[in-house]
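J.: sequence and predicted structure, then a few things I'm wondering about:
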Amino acid sequence: MNKKIIIIPIVVAISIFLINFASDQSIEKNNVVFHVTLADHTLYSDGVYRNSFFIDEGQYSFRFVPNGSSPEILSITLNGEDFDFSEDFKLESTSHQTGISEYFTWKYIGQEEILISEKQEISIMINPNGNTLGSVSVDILQN
């Protein structure tokens, strides 16, 4: 009988966690208006990645998934009929010390928020400034 009392709350807690995690994932995926993972030099033409996409009016932000081999400076340019944006994002590493080890996390520093005034097609250019072998994922999310 005691085992049932312990198991039921654990099962309920795990179920709640899984439901919340799944709903958070679907909400986040719906907010992504642009995504690219640059992990192969063949994705670049003349050392630069180019693409275009349509975007609605609203507030947006960049999200990056960098690592230690990511470009030190990632230059991003967005151009549209009624929008121009350019930023040189700088890779910053942070050392974390534990009792027995050290590890690093990375983050791009720069203007992450943008405001689009009307629905339009946007051309994006991502320049890794010579580091086409380092991998990084770039997302633009609707806030």
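T.: Thanks, I have it. Numbering: from 1, shown residues only.

J.: in terms of secondary structure, what does the host helix or strand of Asp84 contact?
T.: With elements taken from DSSP states H and E, the one containing Asp84 is strand 83-97. Using 3 or more C-beta pairs under 8 Å, 6 or more residues apart in numbering; DSSP states H and E as the contact test, the elements touching strand 83-97 are strand 58-66, strand 73-80, strand 102-109. (Glycine included, C-beta is placed from N, CA and C.)

J.: nearest to Thr42, of the ones you listed?
T.: With C-beta to C-beta as the criterion, Thr42 lies closest to strand 73-80 of the helices and strands packed on strand 83-97, at 18.2 Å.

J.: quick one: distance of the closest one to the chain centre.
T.: 14 Å (C-alpha atoms, centre = their mean, to the nearest Å).

J.: helices or strands up against it?
T.: strand 83-97, strand 120-127, strand 136-142.

J.: just the C-alpha atoms of stretch 33-53, please, in CSV.
T.: Extracted C-alpha coordinates of stretch 33-53, given in CSV (Å, rounded to 0.1, in the frame of the first residue of the first chain):
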residue,chain,number,x,y,z
VAL,A,33,9.9,32.7,-38.5
PHE,A,34,13.4,31.9,-39.7
HIS,A,35,15.9,29.1,-38.9
VAL,A,36,19.2,28.0,-40.3
THR,A,37,21.9,25.7,-38.9
LEU,A,38,25.2,26.7,-40.5
ALA,A,39,27.4,23.7,-40.0
ASP,A,40,28.7,23.0,-43.5
HIS,A,41,30.9,25.3,-45.6
THR,A,42,28.8,24.4,-48.7
LEU,A,43,25.9,26.5,-47.3
TYR,A,44,27.9,29.6,-48.0
SER,A,45,28.4,31.3,-51.4
ASP,A,46,31.6,33.4,-51.5
GLY,A,47,31.8,33.0,-47.7
VAL,A,48,28.4,34.3,-47.0
TYR,A,49,25.0,32.7,-46.4
ARG,A,50,22.0,34.3,-48.2
ASN,A,51,18.3,33.5,-48.1
SER,A,52,14.9,35.3,-48.0
PHE,A,53,11.7,34.8,-46.1
